[in-house]
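> Model the structure of this input:
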Amino acid sequence: MFDLRDLPIRKKLRSVIMLTCGAALLLACGAFAGYEWITFRHTMPRQQDTLAEIVGANCAAPVAFNDEKSAERTLSALQA
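Just a heads-up that it's a prediction; the model follows:
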């Protein structure tokens, strides 16, 4: 390992600033990643519930009138 006492003050300051900025950048990235993960985990079930409600509403009439063709078309759209 090298000794920091052998470096000029300019290089020491540059090293300290780079380490500080790097640590701050890593901390900020970690915070953003954590926020996105938590938000994703809370948003995904709500999106799935909404999608289920929409599909249920679209399938209600074909089921009520026993229209197999229309029900198949509506449910085949879920493959996408």
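
> Show me what whichever helix or strand residue 27 is part of is packed against.
Secondary structure assignment for residue 27, by DSSP states H and E: helix 9-64. On a contact count with 3 or more CB pairs under 8 Å, 6 or more residues apart in numbering; DSSP states H and E, helix 9-64 meets helix 68-76. Just so you know, the C-beta spots here come from the backbone N, C-alpha and C atoms, and that holds for glycine as well.

> in the helix it packs on, what counts as buried?
Buried residues in helix 68-76, defined by neighbour count with 16 or more other CB atoms under 10 Å: 71, 74.

> would you put the C-alpha positions of that helix in PDB?
What follows is helix 68-76, C-alpha atoms only, in PDB (Å, rounded to 0.1, in the frame of the first residue of the first chain):
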ATOM      1  CA  GLU A  68     -68.700 -17.600 -25.900                       C
ATOM      2  CA  LYS A  69     -67.200 -15.900 -28.900                       C
ATOM      3  CA  SER A  70     -67.200 -12.500 -27.300                       C
ATOM      4  CA  ALA A  71     -65.800 -13.900 -24.000                       C
ATOM      5  CA  GLU A  72     -63.000 -15.700 -25.900                       C
ATOM      6  CA  ARG A  73     -62.100 -12.400 -27.700                       C
ATOM      7  CA  THR A  74     -62.000 -10.500 -24.500                       C
ATOM      8  CA  LEU A  75     -59.900 -13.100 -22.600                       C
ATOM      9  CA  SER A  76     -57.600 -13.600 -25.600                       C
END
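
> How much space separates residue 48 from residue 42?
Counting by CB to CB, to the nearest Å, the gap from residue 48 to residue 42 is 12 Å.

> Likewise for residue 78?
For residue 78, the distance to residue 42 equals 24 Å [CB to CB].

> Kindly report the same for residue 13.
Going from residue 13 to residue 42 by CB to CB gives 44 Å.

> before we move on, what about residue 29?
As judged by CB to CB, residue 29 and residue 42 stand 21 Å apart.

> Ok, residue 51 next?
Residue 51 is 16 Å from residue 42, by CB to CB.

> So what's the gap between stretch 19-34 and the chain middle?
Relative to its parent chain, stretch 19-34 has a centroid offset of 18 Å by CA atoms, centre = their mean, to the nearest Å.
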